[in-house]
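Enquirer: Below are the sequence and a predicted model; questions follow.
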Amino acid sequence: MDVSDDDPQLGPADVDRAALQQPGVVLHTLATEIGARVDEASAAGAPPDGWRVLKRHQSDQILIGAPVDPEATVWRVAHVQFVSSDATVRVHPETMTLRPSRAQRRQGLALRWPTLMQGASGADGFAVDIVNTGSDRWIPNGDGFHVVGVFTEPGETTFHFGWADSAQRTAVPLDPGEYARVSVAIMPTAWERLEPGAHDLHAVLVSLGVRTETALNVHLSRELLGSHRQQRRRSQPTPDDRRRAVDEEVARVRGVLAAAGAFAEVTAAIAASNTDEDAVARLGELLNLGEAAAEAIYNSTLRQLRPGNATQLHHRLDELHHHRQGI
């Protein structure tokens, strides 16, 4: 995922700050510039002018948008997906509110190890406190309280990690001095690389990029490592299996995006089908999808195909891209 602490956001998506200040152009002009066509039905009622590229994602999409109000705090946006030669600009029906950057939204928050973690063996897991150290109430702005833990050699403070936030915990307001105690998620693959002995544990609040200022010194026993490794080998697929699963999920999400953008055609194809197999085949041909992705579309709920879900789905694609890099 393209993550920048200083970039503002529209929904879950980062946007280039400089692009927000550009005058923008007519929607059809921008579509021509990026090599796409405009879905006229979705663009009805959208601002005719002021459109600009807000972000180029790593997963073959471009986010474009135009402000609705003079203060440019509310926007209409569209994700343009370049997975085929028929790239289409489909404007999302809902407006998106501009959010401050992660650096701004995390002001006042700190991660601190509770006293009970001192000397912890890790047998019962790890926990950390998210503390409001500021003088004002901290209020979440679409943020989560998912914390990831990373082990390093003692004294080492530089590290990299990947994560998936399917278990994202919703953030809650915190008055000055208040804290929320949350569990620290350790990636299952981490246990395979560790050796028994002393390690430093660092915690990161991933949605806001907050790190513990000091590491937690822990001693990992051979028995603990063996238990985690055995559990992972019983339940975890191989790296190739995991990459394949991520690729399949990417295909499914892209299929949902394509189906949402061609909802009338999708329903017509299903209505013309005589069997379930025929419906899956028609959807695959219509959306240029493999059988598994087409079947996933056929089994989707109407809620999943709602055009307004496109922003969350594109955010999911970026998450999957980032997660795959960490496998």
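Expert: Looks like it arrived, so ask away.
Enquirer: use CA for all of it now, contacts and neighbours both
Expert: Noted.
Enquirer: which residues are contacting the helix or strand hosting residue 182?
Expert: Secondary structure assignment for residue 182, by DSSP states H and E: strand 179-186. The contact list for strand 179-186 (CA atoms under 8 Å, 6 or more residues apart in numbering) reads 125-132, 145-150, 174, 203.
Enquirer: Identify the neighbouring strands of it in the sheet and state each direction.
Expert: Partners of strand 179-186 in the sheet, by DSSP bridges, are strand 127-132 (antiparallel), strand 147-152 (parallel).
Enquirer: May I see the buried residues of that strand?
Expert: By neighbour count on 16 or more other CA atoms under 10 Å, the buried set for strand 179-186 is 179, 184, 185, 186.
Enquirer: which is the next helix or strand following it?
Expert: Next along the chain after strand 179-186, taking DSSP H and E as the criterion, comes helix 190-193.
Enquirer: mind showing which ranges of the stretch 201-327 of the chain have poor pLDDT?
Expert: Residue ranges of the stretch 201-327 of the chain with pLDDT under 70: 232, 234-236.
Enquirer: can you map out the strands along it?
Expert: Counting by DSSP state E, counting those that start in this stretch, the stretch 201-327 of the chain has strands at residues 210-211, 216-220.
Enquirer: Please apply the same query to the stretch 1-150 of the chain.
Expert: Under DSSP E, counting those that start in this stretch, the stretch 1-150 of the chain gives strands at 9-10, 13-14, 37-38, 52-56, 61-67, 74-81, 88-91, 96-99, 109-112, 127-132, 147-152.
Enquirer: Name every strand pairing with the longest one and say which way it goes.
Expert: Neighbouring strands of strand 74-81 in its sheet, by DSSP bridges, are strand 61-67 (antiparallel), strand 88-91 (antiparallel), strand 96-99 (antiparallel).
Enquirer: The longest one versus strand 52-56: what angle between them?
Expert: Angle, strand 61-67 to strand 52-56, by axes from the mean of the first three to the mean of the last three CA atoms, to 10 degrees: 140 degrees.
Enquirer: where's strand 61-67 relative to the chain centroid, distance-wise?
Expert: Computed by CA atoms, centre = their mean, to the nearest Å, the chain-centroid distance of strand 61-67 equals 17 Å.
Enquirer: same thing with stretch 120-128?
Expert: For stretch 120-128, the distance to the chain centre is 27 Å (CA atoms, centre = their mean).
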